[in-house]
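Visitor: How does the following fold in three dimensions:
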Amino acid sequence: MGKLGVAILGATGMVGQIYVQMLSRHPWFEIRAVTGNTSVGKTLAEAYRGRGHVPEKYAELEVLPSDPSRIDADLVFSCLPTKAAREVEPRFAEAGFPVVSDSSAHRYQPDVPLIIPEVNPEHLGLIETQRRQRRWDGFIVTTPNCTTVGFALPLKPLVDRYGVRYVNLVTMQSVSGAGFNGVSSMAIMSNIIPYIEGEEAKVADEPRKIMGTLQDGEVRPLDIVIDATCTRVPTLVGHLEVVQAELNREATVEEVAETLGGFIGLPQQLELPTAPRRPINVVQEEDRPQPRLDTDAGSIPGMTVTVGRIRRGRRPNTVIFVSLSNNLVRGAAGSAILTGELLHVTGWLR
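Guide: Have a look, this model is predicted:
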């Protein structure tokens, strides 16, 4: 059986390069088309010059405009900027393409699945609602904000076992989360910026949809309150997050560590190619996780969320921990590719 052909919309940006690298060795997917904006007409190697490495097998791919009539693919991955994604992705879905997007453009629309494959694979059922309401042959599935993934994934087993009513979150987000041109060097070097526009609302709202209940063709959000403070720090890759969660019942540190470390989801059960054997890695060292040491932990580099410093808070039923995720892999391209694999094995790709 041959590989499925995929296209990458926005392949010349920072996250697009991660897609190309990961897909260059993928057992199921083969890149057939890449699109860009200012680099249209160039080869991928020319578009990447001075900004990254392109695998030799894709060096001569021509960068195309993001036009469905120019694309031949079984599956489309989109890492377009939000404004472009809002306009372009529906055109591809209307033209019959399955689209997996890591843009925020369509995440909050009620008929669009917002997926972390280990957390809510059943939400792919929204595709039927989306197709029926929009009369599309294709569809759009989204993946969360890069920061959301880093704490929503470890939050899931705690919600399932203990219930969680409140979360207070402080993030330390690397500069790569803002893209090549997102933060000037003069602004971030030897500095911390205690604000990221729009970020706190995303990480407060997205987990409620992700961990909500799919019923009668719609998602009923999880009843949880999340307060977030999001900061930009001068690290290159890896979002570090301090999570304080108020549980519905008491749990010891040992029980929480066991719950997190033992968690697996449907991708692990199905042994999907991009699924790490353990999606959550619990470390015992007092000074871990660290971006320099743990960002690429796990059997699939960059796909495991590392959790450490698990301890009880002073308020009743409160647990505190630090999580670290690779914002370019688990927080972007890797999650989308894993979602594509899940779509394939569950029969959504024709």
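Visitor: Now do the residue nearest to residue 300 when sequence neighbours are not counted against residue 302, distance only.
Guide: Among residues not flanking residue 300 along the chain, residue 276 sits closest, at 4.5 Å (CB to CB, 6 or more residues apart in numbering). From N, CA and C alone the C-beta is placed, and that goes for glycine too. Applying CB to CB, to the nearest Å, the value for residue 276 to residue 302 is 9 Å.
Visitor: Residue 350: what's it in contact with?
Guide: residue 74 (CB atoms under 8 Å, 6 or more residues apart in numbering).
Visitor: er, residue 321 I mean
Guide: 154, 242-243, 245, 256, 260, 307-311.
Visitor: rerun at 7 Å
Guide: 243, 307, 309-310 (CB atoms under 7 Å, 6 or more residues apart in numbering).
Visitor: Would you format those as TSV with neighbour count and pLDDT included?
Guide: Formatted as TSV, these follow (neighbours: other CB atoms under 10 Å; pLDDT from 0 to 100):
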residue	neighbour count	pLDDT
243	25	98
307	28	98
309	17	98
310	22	98
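Visitor: how about the helices in this protein?
Guide: Along the chain, counting by DSSP state H, helices occupy 14-23, 44-48, 82-94, 126-134, 146-161, 185-188, 199-210, 253-261, 266-270, 291-294, 334-345.
Visitor: and these as a markdown table, adding mean pLDDT?
Guide: Converted to a markdown table, these look like this (pLDDT from 0 to 100):
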| stretch | mean pLDDT |
| --- | --- |
| helix 14-23 | 95 |
| helix 44-48 | 92 |
| helix 82-94 | 97 |
| helix 126-134 | 97 |
| helix 146-161 | 98 |
| helix 185-188 | 93 |
| helix 199-210 | 97 |
| helix 253-261 | 98 |
| helix 266-270 | 98 |
| helix 291-294 | 97 |
| helix 334-345 | 98 |
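Visitor: Make JSON lines from the ones you listed and add distance to residue 102 and mean neighbour count to it.
Guide: Compiled in JSON lines, those are given as follows (distance: least, CB to CB, whole Å; neighbours: other CB atoms under 10 Å):
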{"stretch": "helix 14-23", "distance to residue 102": "7", "mean neighbour count": "23"}
{"stretch": "helix 44-48", "distance to residue 102": "19", "mean neighbour count": "20"}
{"stretch": "helix 82-94", "distance to residue 102": "9", "mean neighbour count": "18"}
{"stretch": "helix 126-134", "distance to residue 102": "17", "mean neighbour count": "17"}
{"stretch": "helix 146-161", "distance to residue 102": "8", "mean neighbour count": "24"}
{"stretch": "helix 185-188", "distance to residue 102": "23", "mean neighbour count": "11"}
{"stretch": "helix 199-210", "distance to residue 102": "12", "mean neighbour count": "21"}
{"stretch": "helix 253-261", "distance to residue 102": "25", "mean neighbour count": "17"}
{"stretch": "helix 266-270", "distance to residue 102": "17", "mean neighbour count": "16"}
{"stretch": "helix 291-294", "distance to residue 102": "21", "mean neighbour count": "17"}
{"stretch": "helix 334-345", "distance to residue 102": "5", "mean neighbour count": "24"}
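Visitor: In TSV: these, plus distance to residue 37.
Guide: Formatted as TSV, the helices of the chain follow (distance: least, CB to CB, whole Å):
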stretch	distance to residue 37
helix 14-23	11
helix 44-48	10
helix 82-94	8
helix 126-134	26
helix 146-161	21
helix 185-188	24
helix 199-210	24
helix 253-261	41
helix 266-270	32
helix 291-294	30
helix 334-345	19
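Visitor: Select, out of the ones you listed, the one closest to residue 61.
Guide: Nearest to residue 61, of all these, is helix 44-48, at 4.6 Å by CB to CB.
Visitor: hmm, back to that, which stretch among the helices of the chain approaches residue 325 most closely?
Guide: helix 146-161 (3.5 Å).
Visitor: what's in contact with the closest one?
Guide: Counting by CB under 7 Å, 6+ apart, residues outside helix 146-161 touching it are 116, 118-119, 144, 164, 167, 169, 171, 173, 177, 199, 202-203, 206-207, 210-211, 230, 239, 241, 243, 245, 247, 259-260, 263, 279-280, 305, 307, 323-325, 327, 330-332, 335.
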